[in-house]
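Asker: Here you go, sequence then predicted model.
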Amino acid sequence: MASKVKLPKASDLEAGVLGVLRELLPTFRVSEQRTGRQATWDLTFTVRSGRTVRRLLVECKSVGEPRYLAQAITVLKLASQQSPRSYPVVAAPYIGPGGQHLCREARVGYLDLTGNAFLNFNGVLVDRRSGERPPRTKARLRRLFSPKSSRILRALLEQPEQEWTLARLAAEAAISLRTAHLVVNALEEKVFLEKRRGAIRLQKPGALLDLWAENYRIDQHRQRTFYSFLRDPRELAAKLGAHAASQHMPCALTLHSGAALVAPFVRSADVHAYVRGDVDGVAQALDLRPVETGGNTHLLVPNDDGVFYRTQVIEHIPVVCNTQLYLDLLHYPARGREQAEELRRQKLGY
C-alpha cells in the first residue's frame, strides 16, 4: 500500500506543489518555470527524464468540488491544446471520488491535501488514493445528509425527471427556503443538479443515491423489538397498517417486509416498520411482546418524518418510498444488499 503523500496546508497549496511533485516523481527532475501573465493556469513545471521533457500545467483550486474542477478542466484542456507536450493537472485541498472520476474521464491529472494523486503521461503512472476525508468535508457531508436536508434528496430522487423552482422544492420537502437554498447549492457544487433561469433539475440521480447510501445508516433511527405469535408476516403487516390508519398514525414498512410488496426477491419472516406515535399502544393493540433477542417485529421511531415521504400503499399496506427502502436495505446484514440491488434494478432505473 502506497504511503500517504505529505501535502502542505491549504493556504500554502501553490507554494508546496513543487515539493509534492518531486515526492510523486522521485526519479525525475522536476523544476518550476515562470508562468507568464497571459497564462490562464497558475503554475508551470518541467519534468525531465533523460532526453524526455514534459511540461505540467497546474491549476490550483481552493475548493475541490466537481463544479469548480469542471471549470479548471476546461481552462487546462484549452491551454494544453495550445501548448505541445504539456500535461494538465488540478491541485486542491481535497478531491473526492466524484471529482477524481471527473478528472480521470477528462484525462487530467490531480493531487490534493489528503494524499490522493493521479498523473498519467509519457508512460508515467501515479495513482494514489487515501480514502480519507478531511474534517471540514465530513462536516459538509453530514449537513447535506442530515434529516432535514435529506428531505430535498428524497424529493429529487423520487421524481428524477421533474423540473423544480426553489420555492416548489422547499414546499414539496416541507422545509424552509433557506435550508432548500443551502442544499441545492451544495448539490450544484457536486454537479448533481443544474440550475438554469430559476429551474432546478437533477442531473446524476445514481451518483447522488450512491453518495447518500455511503453516508446513511438505519441505526440512526431508534428501534424497539417485539415478538408476535402471528406466523404470517403479511398478515401482521396488514394488521399493523390497519391499526395505524385507524389511529391516524404515520406508519410504513421497510427492509425485507416492505421489499416483499414492492420487488420480491429475498424471503424474510420479520416485519420492520417506521412508526410515529405511541409504540406501546401499537404493541398492546397487536399483542406484541417486548424481547431483547429473537423478535420478529421491529418498530422504528424515525429521527425525522421525511421517511414517510411519498409512502406507497400496496395491498392496503403502507410501504416507504423506493429511495428510502433502498437506503435501509443496502447495509442491512441479512441479505440486504441483494434485495437492494434487485429493487434498484426493478424500480429505480438509475
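Answerer: Great, that's in hand.
Asker: Quick one: name whatever helix or strand follows the biggest helix by length in the chain.
Answerer: For the chain, the helix reaching the highest residue count under DSSP state H is reported as helix 66-82. Once helix 66-82 ends, the next helix or strand along the chain (criterion: DSSP states H and E) is strand 86-92.
Asker: which other residues reach that next one?
Answerer: Contacting residues not belonging to strand 86-92 are listed as 13-14, 17, 20, 41, 54-64, 68-69, 72-73, 76-77, 79-80, 99, 103, 108-113, 119, 121 [C-beta atoms under 8 Å, 6 or more residues apart in numbering]. All C-beta spots, glycine's among them, are computed from the backbone N, C-alpha and C.
Asker: what sits against the residue of the chain positioned farthest from its centre?
Answerer: Distance from the centre of the chain peaks at Arg51, with 45.0 Å (C-alpha atoms, centre = their mean). Arg51 makes contact with no residue, according to C-beta under 8 Å, 6+ apart.
Asker: Check Tyr274 too.
Answerer: Contact criterion C-beta under 8 Å, 6+ apart gives 221, 250-252, 254, 299-302, 307-308, 320 as the residues in contact with Tyr274.
Asker: before we move on, what about Asp278?
Answerer: Counting by C-beta under 8 Å, 6+ apart, Asp278 touches 247, 249.
Asker: cutoff 10 Å now
Answerer: Contacts for Asp278 (C-beta atoms under 10 Å, 6 or more residues apart in numbering) come out as 247, 249, 284-285.
Asker: Please list only the buried members of those residues.
Answerer: Applying a neighbour-count criterion of 16 or more other C-beta atoms under 10 Å, the buried members of the contacts of Asp278 are 249, 285.
Asker: Tell me how many other residues surround Glu65.
Answerer: The number of residues packed around Glu65, counting by other C-beta atoms under 10 Å, is 21.
Asker: Could you measure from the closest residue to it other than its chain neighbours over to Asp232?
Answerer: Spatial nearest neighbour of Glu65, excluding adjacent residues (C-beta to C-beta, 6 or more residues apart in numbering): Glu189 at 4.0 Å. Here the distance between Glu189 and Asp232 works out to 49 Å (C-beta to C-beta, to the nearest Å).
Asker: Among the two, which residue is more densely surrounded?
Answerer: The residue with more neighbours, out of Glu189 and Asp232, is Glu189; 16 against 10, by other C-beta under 10 Å.
Asker: show me the residues around the more buried one that make contact.
Answerer: Shown here is Glu189, whose contacts under the criterion C-beta under 10 Å, 6+ apart are 63-68, 140, 144.
Asker: ok, then the element right after the helix or strand hosting Lys239?
Answerer: Following DSSP H and E, the helix or strand that holds Lys239 is helix 233-246. Following the chain from helix 233-246 toward its C-terminal end, the next helix or strand by DSSP H and E is strand 251-254.
Asker: May I see the buried residues of stretch 15-24?
Answerer: By neighbour count, with 16+ other C-beta under 10 Å as the criterion, the buried positions of stretch 15-24 are 16-17, 20-21, 24.
Asker: Out of these, which comes closest to Arg196?
Answerer: Nearest to Arg196, judged by C-beta to C-beta, of those is Val17 at 35.0 Å.
Asker: sec struct for Leu57, please.
Answerer: Classification of Leu57 into helix, strand or coil gives strand, according to DSSP: H, G, I helix; E, B strand; the rest coil.
Asker: just for the stretch 1-150 of the chain, where's the confidence low?
Answerer: For the stretch 1-150 of the chain, applying pLDDT under 70 flags the ranges 1-12.
Asker: Mind doing that once more with 80?
Answerer: Across the stretch 1-150 of the chain, residues meeting the criterion (pLDDT under 80) sit at 1-12, 14-16, 113, 131-140.
Asker: Now do the helices in it.
Answerer: 13-24, 66-82, 97-105, 135-144, 150-158 (DSSP state H, counting those that start in this stretch).
Asker: Which strands and helices lie in contact with the third one?
Answerer: Secondary-structure packing of helix 97-105 (3 or more C-beta pairs under 10 Å, 6 or more residues apart in numbering; DSSP states H and E): helix 66-82, strand 86-92, strand 109-112, strand 117-121, helix 205-214.
Asker: and what of the fourth one?
Answerer: Contacting helix 135-144 under the criterion 3+ C-beta pairs under 10 Å, 6+ apart are the following elements: helix 150-158, helix 177-189, helix 205-214.
Asker: if we can go back for a sec, for the buried ones among the contacts of strand 86-92, write the corresponding ChimeraX selection.
Answerer: Of these, the buried ones can be selected in ChimeraX as follows, counting by 16+ other C-beta under 10 Å:
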select :13,17,20,41,54,55,56,57,58,59,60,61,64,68,69,72,73,76,79,80,99,103,108,109,110,111,112,113,119,121
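Asker: Walk me through the domains of this structure.
Answerer: If you go by automatic domain parsing, the domain ranges for the chain are 10-128, 135-214, 218-348.
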